[in-house]
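Asker: Can you look at this prediction? I've put the sequence above it.
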Amino acid sequence: SSSVVVYPNGDIFDSETGKLWIKEGTVCVDAHAYKYRKDIVEVHFPNTVVEIKESAFWFCTRIKSLILPDSLTKIGMFAFDSCSGITTLHLPDTLTSIGAAAFHHCWSITTLRLPITLTKISDCAFEGCSGIITLHLPDSLTEIGSTAFHGCSGITTLQLPDTLAEIGEYAFDSCSGITT
């Protein structure tokens, strides 16, 4: 039997390789679409996806490299929460909003380059991402939510952009590695 499955929404999954292809033309990845899928290793997004809704890939612990499309503007809350296998994360320069706890407990991410279009990082967005060593905050950023980087103990240097108007409570709490 074939290892390739075509889902009713047109997405294609190959169980042999763990690769998931989101259907060409897809604008929005639905809420809870692939949560708890331990068999997904890689996701290919078409450059039509503008939003990934809440909990879409929650607890997909085997995703290693996450390259998000150059059309994405919004990542919903808990979208990649507890995707603890992600080591490489590409956020496109179209992204304006990262939802609450979107990358909560993604502790294998080491470098976080936030796009120049990003204005808001929601509460708990990167909480517990203790693997992050390098953090680039863009000059477009106006708001960092409470506990957004709580427990990111790997960060050593922090430079806050002048555009920042609001920093939530405990945003950088337990970031014990920050020296400058």
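Answerer: Thanks, I have it.
Asker: Name the helix or strand of this structure that has the lowest mean pLDDT.
Answerer: Within the chain, no helix or strand scores below strand 134-136, which has a mean of 90 by mean pLDDT, DSSP states H and E.
Asker: For the very next helix or strand once past it, enumerate the helices and strands it packs against.
Answerer: Per DSSP states H and E, the first helix or strand lying C-terminal to strand 134-136 is strand 143-144. If contacts are counted by 3 or more CB pairs under 8 Å, 6 or more residues apart in numbering; DSSP states H and E, strand 143-144 sits against strand 120-121, strand 166-167. Bear in mind the C-beta positions are built from the backbone N, C-alpha and C, glycine included.
Asker: what residues does the last one touch?
Answerer: When contacts are taken as CB atoms under 8 Å, 6 or more residues apart in numbering, the neighbours of strand 166-167 outside the stretch itself are 142, 143, 144, 160.
Asker: could the helices and strands packed on strand 143-144 go into a markdown table alongside distance to residue 150, mean neighbour count and mean pLDDT?
Answerer: Below are the helices and strands packed on strand 143-144 laid out as a markdown table (distance: least, CB to CB, whole Å; neighbours: other CB atoms under 10 Å; pLDDT from 0 to 100):
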| stretch | distance to residue 150 | mean neighbour count | mean pLDDT |
| --- | --- | --- | --- |
| strand 120-121 | 12 | 22 | 95 |
| strand 166-167 | 12 | 13 | 96 |
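Asker: now those strands as JSON lines including distance to residue 92?
Answerer: Formatted as JSON lines, the helices and strands packed on strand 143-144 follow (distance: least, CB to CB, whole Å):
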{"stretch": "strand 120-121", "distance to residue 92": "15"}
{"stretch": "strand 166-167", "distance to residue 92": "24"}
